[in-house]
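1. give me coordinates for this.
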Amino acid sequence: MVDDLRLLVSEDGADAERIDAITGYLRRELDQLDVEQVSSLPVGESPEGTRALEAVAIGGLLVTLGNSAHALGKVINVVRDWLSRTPGPVRTVRVELGGDVLELSQASAAEQQRLIELFIGRHSGEGENSWPDAAKR
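-> As a prediction, the model looks like this:
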């Protein structure tokens with residue numbers, strides 16, 4: 001399983017600078033996982049005549065999962081835990097994998113758990129309880 005997971009972070013009322021800052025906090029947590037890479041999400045090629053720096057999406061992260069069957073579950077766990085520890089304005093993380101989308105924000109813990117299990121089950125090929133801590137949450 002080598003897939004790229006796209007994460008898009010948003011926060012109600014936040015400007016681009018704030019979104020960039022909170023995305024950096026999440027990225028630091030994701031960098032601790034056993035995934036191939038966590039990088040800024042590119043939005044395309046730089047316009048002709050500009051320097052060759054890659055344009056990136058504010059609030060966007062690209063996580064290369066690698067071959068670990070449990071990497072997706074670990075990333076989702078980190079995102080959910082990160083969201084639960086952050087009081088204040090409503091934050092949302094949009095998770096995209098293979099054309100499938102999961103949005104995590106203000107759903108109850110039970111609703112989030114069920115959505116996460118369905119999402120991971122569709123992408124792991126091992127069933128909805130194949131990821132770490134599935135039975136504990």
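2. the strands in this protein, which residues?
-> Here the chain has its strands, by DSSP state E, at 4-11, 37-44, 55-64, 91-97, 100-104.
3. just put those in CSV and tack on mean pLDDT, mean neighbour count and distance to residue 82.
-> Bear in mind the C-beta positions are built from the backbone N, C-alpha and C, glycine included. As requested, these are exported to CSV (pLDDT from 0 to 100; neighbours: other Cβ atoms under 10 Å; distance: least, Cβ to Cβ, whole Å):
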stretch, mean pLDDT, mean neighbour count, distance to residue 82
strand 4-11, 93, 20, 9
strand 37-44, 86, 15, 13
strand 55-64, 88, 19, 12
strand 91-97, 92, 19, 8
strand 100-104, 87, 16, 9
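4. want to throw those into JSON lines with distance to residue 75?
-> Putting these into JSON lines (distance: least, Cβ to Cβ, whole Å) gives the following:
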{"stretch": "strand 4-11", "distance to residue 75": "6"}
{"stretch": "strand 37-44", "distance to residue 75": "9"}
{"stretch": "strand 55-64", "distance to residue 75": "6"}
{"stretch": "strand 91-97", "distance to residue 75": "8"}
{"stretch": "strand 100-104", "distance to residue 75": "11"}
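5. which one, of those, ends up nearest to residue 111?
-> Closest to residue 111 of the strands of the chain is strand 100-104 (Cβ to Cβ; 10.0 Å).
6. partner strands of the closest one, with direction?
-> On the basis of DSSP bridges, the sheet neighbours of strand 100-104 come out as strand 91-97 (antiparallel).
7. and the contacts of the strand it pairs with?
-> 3-12, 22, 26, 72, 76, 79, 82-83, 101-105, 119, 123 (Cβ atoms under 8 Å, 6 or more residues apart in numbering).
8. residue 115: how many residues sit nearby?
-> Other residues within reach of residue 115, judged by other Cβ atoms under 10 Å, total 16.
9. any low-confidence regions in this protein?
-> Low-confidence segments of the chain (pLDDT under 70): 1-2, 44-55, 69, 106-109, 112, 125-137.
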